[in-house]
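A.B. asks: have a look at this prediction, sequence included:
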Amino acid sequence: MRFLLGGYTADMDGHGTGIGMLLAGAPDDALAGGALGFTGEVAPADSPSWVARHPSLDVFYAALEKRGAVQAFQRTGESSFAAFGDPVPAGEATCHVAVAPDGGSLVASCWGDGRVVRMSLDAAGRPSSPVIAAAAVDPYGPSAEPQVGDLDLAAAARALREAAGAEFAHLVPDHDEAPEAEASGSRPSRAHEAVFLPGGLIATTDMGLDLVRFWRAGSRGLTGVGQVVLPHGSGPRHMVWHPSGHLYVVAELSCEAFVLAPDASGAWRLVGGAPLGAGTLPGDTAAELAASRDGDFLYAGVRGSNTIATLRVRGQGESLEPVALVEAGVDWPRHHVVVRDTLLVAGQLSDEVASLALDLRTGVPGRVRHRAAAPSPTCILPLV
């Protein structure tokens, strides 16, 4: 099976030279449990830290993080790609690209300046016309006003402790009292990911301001339709939409997973959550969040202690239960993907990708099955 690898190049102190290709078993295998092999660069690029594909064309998009731009690539062969047009500026430290299911647009998220940018895609898949969405406002700032979708954080803390159960309740940070404003009076906005949801809704995370914001696309870009405020300092990073209708959010800084859902009016609310596990350490930061093929389990990468957290989805999707925290097999598990019974993990600092077998009964990853050297990998994209 073939995968594209995004990664860091010299402009961000990485060892890569562009987008790479990884093989898991034979190129045409439907499973990813075979031996891993890095076959080299398939397209030169400056720190393509995230790679996404067009839903119907052989066109791919890379977030050029240092350059703050989005670059399109066109597939020219089984393992060859060429730049497709010029890079389109987005914002400082562009770290993620999400492509609309209809292939008509993409949304870039910028960690450095907090920008959320919508770009139009033409019939051939070329991006253009970037439109910057409204900037986020710190819900904990001195001048913040209540927003649609905001939640009472004391209630949120109590709900999280109840959801975590007696064994893990002590791991939930104390959010029962709203914190005082930052000493500087402001915090930086840091957009990190966009996810297209059913019905044309778009969700984005702001790691710096503890927000998940919701949007609809229009002729003039993105229009905000609500937001959910997460606990102060939690740092929402990446998301997974679940077929139950819930949106799961992993918090980079607090190493928690939150559950969001719309109420009867359509406004999104925080309805549950859980810590990633009892084995996370001070200074750990969560990275990617992915679901098992059947949706019964979630997997979160934890950098620092270099582990993978497994959480079980309970109830109708509104509850999460920590199951296990196991070794990731790599240093700094930046990103991972689930391919049926295999978890592929990108080790950014160990310059490698490892594969772990998934126990389909318990959901827990096992020991490393295979590994391959790969330069500063930060994103794994299946070529299916």
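C.D. replies: Perfect, I can see it now. Numbers count the residues shown, from 1 in each chain.
A.B. asks: in the stretch 51-200 of the chain, where is pLDDT below threshold?
C.D. replies: The stretch 51-200 of the chain contains residues with pLDDT under 70 at 143-185.
A.B. asks: helices of that one, start to end?
C.D. replies: In the stretch 51-200 of the chain, the segments counted as helices under DSSP state H, counting those that start in this stretch are 153-168.
A.B. asks: can you give me the strands for it?
C.D. replies: Listed in chain order, the strands found in the stretch 51-200 of the chain under DSSP state E, counting those that start in this stretch are 59-64, 69-77, 80-83, 88-89, 94-99, 105-110, 116-121, 127-132, 191-196.
A.B. asks: what number of residues lie near residue 69?
C.D. replies: Residues within reach of residue 69, counting by other CB atoms under 10 Å, total 20. To be clear about C-beta, it is placed using only N, CA and C from the backbone, and glycine gets the same treatment.
A.B. asks: please name the nearest non-neighbouring residue to it.
C.D. replies: Ranked by CB to CB, 6 or more residues apart in numbering and with sequence neighbours excluded, the top spatial neighbour of residue 69 is residue 87, at 3.8 Å.
A.B. asks: the one you found and residue 65 touch, don't they?
C.D. replies: No - the criterion here is CB atoms under 8 Å, and residue 87 misses it with residue 65 at 11.8 Å.
A.B. asks: those two: who's more crowded?
C.D. replies: Under the neighbour definition other CB under 10 Å, residue 87 and residue 65 were set side by side, and residue 65 has more, 27 against 18.
A.B. asks: who's in contact with the more buried one?
C.D. replies: Residues near residue 65 by CB atoms under 8 Å, 6 or more residues apart in numbering: 8, 12, 47, 48, 49, 50, 93, 94, 95, 111.
A.B. asks: what's whichever strand or helix holds residue 371 packed up against?
C.D. replies: Of the helices and strands defined by DSSP states H and E, residue 371 is found in strand 365-373. Under the contact criterion of 3 or more CB pairs under 8 Å, 6 or more residues apart in numbering; DSSP states H and E, strand 365-373 touches strand 36-44, strand 319-327, strand 352-358.
A.B. asks: which of these is buried the deepest?
C.D. replies: strand 352-358 (a mean of 23; mean count of other CB atoms under 10 Å).
A.B. asks: list the contacts of it.
C.D. replies: Strand 352-358 is contacted by residues 5, 22, 24, 32-33, 36, 38, 292, 308, 326, 328-330, 338, 341-347, 364-374, 377, 380 when judged by CB under 8 Å, 6+ apart.
A.B. asks: so which residues of the stretch 251-384 of the chain form strands?
C.D. replies: Using DSSP E, counting those that start in this stretch, the strands found in the stretch 251-384 of the chain span residues 256-262, 268-275, 285-291, 297-303, 307-314, 319-327, 333-339, 342-347, 352-358, 365-373, 377-382.
A.B. asks: which one of the strands of the stretch 51-200 of the chain lies nearest to residue 247?
C.D. replies: Proximity to residue 247, assessed across those by CB to CB, is greatest for strand 191-196 (7.5 Å).
A.B. asks: just the CA trace of that closest one, in CSV.
C.D. replies: The C-alpha trace of strand 191-196 is given here as CSV (Å, rounded to 0.1, in the frame of the first residue of the first chain):
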residue,chain,number,x,y,z
ALA,A,191,-5.7,27.9,14.3
HIS,A,192,-4.7,24.3,13.9
GLU,A,193,-7.2,22.2,11.9
ALA,A,194,-10.4,22.3,9.9
VAL,A,195,-12.9,19.5,9.4
PHE,A,196,-15.8,19.4,7.0
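A.B. asks: for the strands of the stretch 251-384 of the chain, give me CSV that also has distance to residue 115.
C.D. replies: Below are the strands of the stretch 251-384 of the chain laid out as CSV (distance: least, CB to CB, whole Å):
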stretch, distance to residue 115
strand 256-262, 22
strand 268-275, 22
strand 285-291, 21
strand 297-303, 24
strand 307-314, 30
strand 319-327, 31
strand 333-339, 22
strand 342-347, 25
strand 352-358, 30
strand 365-373, 35
strand 377-382, 20
